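*Asks:* coords please:
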Amino acid sequence: MQVKQYNHKLIQKALKRYKYNDDINQEKANEDFFYRYSFFTKGKKIKKDLNNLYIVLEGAPNCNHIAAKNLLFQGNDECWKFFERTAHFFAYGYEGGSFPFIDPIGPLLNYALYVERIDLIELLLTKAAADLERDEYKNNKEYIKQRVYPSTYLIHFLIEKLGILNPVKDKVMQYGDGLGIYERIVDEWDHQFNEIDDEYWDSLCEYHLNGIGVTGTKWKDEELIDFGLVPIELINLFKVRKKLGLDVPVIKHELFSTPMAVYPTIPTGYSSDLDVKLQLVERTKRDAKVYTFEEIVEQLKKEHGENADLFY
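*Replies:* You can find the predicted model right below:
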């Protein structure tokens with residue numbers, strides 16, 4: 001595939017680093033996923049880790065967000081199934097773990113909103129509420145004084161604007177230093193965004209590009225690393241405004257001339273019932289039994305028919 005040449009140096013760096021034009025080796029992705037699954041189900045672990053088995057879904061990125069972004073860049077509409085799988089895997093795979101800080105759930109909420117999965121947003125907010133009730137937030141200075149990315153505040157603001165009950169927004173806003181570059185969005189929400197100068201929208205695109213891990217490895221350099229060149233936080237902003245009947249600006253920055261800055265196709269065509277990898281985990285949890293991919297495929301075809309459009 002002939003790759004368009006872009007002038008922006010950070011776009012060039014992102015393309016070089018993330019190799020969006022590369023094909024994903026699905027056989028290798030399957031092996032990686034099953035290796036992770038086997039690690040958590042080996043021997044007595046299946047009984048010990050059964051309630052936490054969704055953690056399997058957090059790994060093997062080549063079968064979720066990396067595949068989604070590469071296929072999007074390559075113009076393959078199959079990408080939307082992978083984006084929704086990513087949202088599903090991320091939401092179910094998130095457990096807070098040993099470090100239940102506020103920021104890690106922000107990208108997951110963004111992915112869920114990107115593919116319009118309100119149920120996943122609600123699931124994540126429930127998990128976030130549980131995190132915020134943990135003892136660390138009462139007696140651990142590292143948590144009490146934690147930094148919070150501006151984009152985390154933004155996604156909680158957008159969720160609230162959509163009318164989704166958000167039990168954690170006010171508490172999240174008590175931490176960190178506020179909305180930062182996104183403050184103007186909140187301040188001018190009820191005004192015409194088309195009247196906001198191009199310079200501001202350009203600055204948001206520059207902020208995105210400086211937060212995807214191509215300018216350094218400091219905290220501020222990786223705010224939006226989970227999105228890569230896909231400006232999910234901005235697409236979500238515009239999606240919410242469109243749903244509310246509000247205007248959206250025309251972005252002239254070069255980031256929005258890439259194939260990554262497009263609205264997702266909804267519905268995506270993804271079905272969790274036909275997702276072989278997800279069903280492998282779901283059925284293992286249900287039956288407390290280790291399965292192979294082949295066994296899951298056989299079960300799904302028996303239930304949905306030989307010609308079922310299974311998603312691998």
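
*Asks:* ok, Asp226 touching Leu109?
*Replies:* No - here Asp226 lies out of contact with Leu109, judged by CB atoms under 8 Å, at a distance of 11.1 Å. Backbone N, C-alpha and C define where each C-beta goes, glycine included.

*Asks:* in terms of packing, which of these two has more residues around it?
*Replies:* When Asp226 and Leu109 are compared for neighbours, Leu109 comes out ahead with 24 against 20, by other CB atoms under 10 Å.

*Asks:* and Tyr263, which of the three is it?
*Replies:* Classification of Tyr263 by DSSP: H, G, I helix; E, B strand; the rest coil places it in coil.

*Asks:* which element is the closest residue to it other than its chain neighbours on?
*Replies:* Take Tyr263 and drop its neighbours on the chain: the residue closest to it by CB to CB, 6 or more residues apart in numbering is Ile235, 6.3 Å away. Ile235 is part of helix 232-243 when elements are defined by DSSP states H and E.

*Asks:* contacts for that helix next, please.
*Replies:* In this structure, residues lying in contact with helix 232-243 by CB atoms under 8 Å, 6 or more residues apart in numbering are 110-111, 113-114, 116, 151, 154-155, 158, 161-162, 185, 193, 204-205, 208, 224, 227, 247-249, 251, 261-264.

*Asks:* grab the CA positions of it and hand them over as PDB.
*Replies:* Included here for helix 232-243 are C-alpha records, laid out as PDB according to Å, rounded to 0.1, in the frame of the first residue of the first chain:
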ATOM      1  CA  ILE A 232     -10.200   9.600  19.800                       C
ATOM      2  CA  GLU A 233     -10.700  12.300  22.500                       C
ATOM      3  CA  LEU A 234     -11.500  14.900  19.800                       C
ATOM      4  CA  ILE A 235     -13.700  12.600  17.700                       C
ATOM      5  CA  ASN A 236     -15.600  11.900  20.900                       C
ATOM      6  CA  LEU A 237     -16.000  15.600  21.600                       C
ATOM      7  CA  PHE A 238     -17.500  16.200  18.200                       C
ATOM      8  CA  LYS A 239     -19.700  13.000  18.400                       C
ATOM      9  CA  VAL A 240     -21.200  14.200  21.700                       C
ATOM     10  CA  ARG A 241     -21.900  17.700  20.300                       C
ATOM     11  CA  LYS A 242     -23.500  16.200  17.200                       C
ATOM     12  CA  LYS A 243     -25.700  13.900  19.300                       C
END
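
*Asks:* and stretch 132-148, which residues are buried?
*Replies:* When neighbours are counted by 16 or more other CB atoms under 10 Å, the buried residues of stretch 132-148 are found to be 132, 136-137, 143, 148.

*Asks:* stretch 193-211 too?
*Replies:* Within stretch 193-211, the residues that count as buried by 16+ other CB under 10 Å are 193, 201, 204-205, 207-211.

*Asks:* looking at those residues, spot the one nearest Gln5.
*Replies:* Taking CB to CB as the measure, Leu209 is the one of these closest to Gln5, at 16.6 Å.

*Asks:* please, which helix or strand holds the closest residue to that closest one other than its chain neighbours?
*Replies:* Of all residues beyond its chain neighbours, the one nearest Leu209 is Leu10 (4.1 Å), with distances taken as CB to CB, 6+ apart. When elements are defined using DSSP H and E, Leu10 is found to belong to helix 9-18.
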